[in-house]
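Trainee: How does the following fold in three dimensions:
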Amino acid sequence: MSADDSLARVEDLLTRLEAARTKLEATDDAQEAIEVLQELAELAKEVEAELQVARRSAEADAAGA
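Mentor: Below you'll find the model as predicted:
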């Protein structure tokens, strides 16, 4: 996977994070808020993993150039 592919995936994940954050702000239900917070935590982990992939890919590209 290229760095550009990883960054595109990060952008998608960030869009999903923003949607979940908006959903969290709109809820008054404690159980739903907990579920959304869990979703936010999972998405944040995915963003971190994709950023690491992008960084490694960019470093590999730079080393090969």
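Trainee: how about stretch 2-18: buried residues?
Mentor: Within stretch 2-18, the residues scored as buried using 16 or more other Cβ atoms under 10 Å are 3, 6-7, 9-10, 13, 16-17. All C-beta spots, glycine's among them, are computed from the backbone N, C-alpha and C.
Trainee: got the CA coordinates for it in CSV?
Mentor: Written as CSV, here are the backbone C-alpha positions of stretch 2-18 (Å, rounded to 0.1, in the frame of the first residue of the first chain):
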residue,chain,number,x,y,z
SER,A,2,1.4,3.4,-0.9
ALA,A,3,1.6,6.4,1.3
ASP,A,4,-1.0,8.1,-0.8
ASP,A,5,-3.4,5.1,-0.3
SER,A,6,-2.9,5.2,3.4
LEU,A,7,-3.5,9.0,3.5
ALA,A,8,-6.7,8.6,1.5
ARG,A,9,-7.8,6.0,4.0
VAL,A,10,-6.9,8.4,6.9
GLU,A,11,-9.1,11.1,5.3
ASP,A,12,-12.0,8.6,5.1
LEU,A,13,-11.5,7.7,8.7
LEU,A,14,-11.3,11.3,9.8
THR,A,15,-14.6,11.9,8.0
ARG,A,16,-16.1,9.0,10.0
LEU,A,17,-14.6,10.4,13.2
GLU,A,18,-16.3,13.8,12.6
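Trainee: So which residues make contact with it?
Mentor: 40, 43-44, 46-47, 50-51, 53-55, 57-58, 61 (Cβ atoms under 8 Å, 6 or more residues apart in numbering).
Trainee: one more time with 10 Å
Mentor: 1, 39-40, 42-62 (Cβ atoms under 10 Å, 6 or more residues apart in numbering).
Trainee: out of the residues you listed, which are buried?
Mentor: Among those, those buried by neighbour count (16+ other Cβ under 10 Å) are 39-40, 43, 46-47, 50, 53-54, 57.
Trainee: so what secondary structure elements neighbour the strand or helix carrying residue 35?
Mentor: When elements are assigned from DSSP states H and E, residue 35 belongs to helix 30-64. Here helix 30-64 touches helix 3-26, going by 3 or more Cβ pairs under 10 Å, 6 or more residues apart in numbering; DSSP states H and E.
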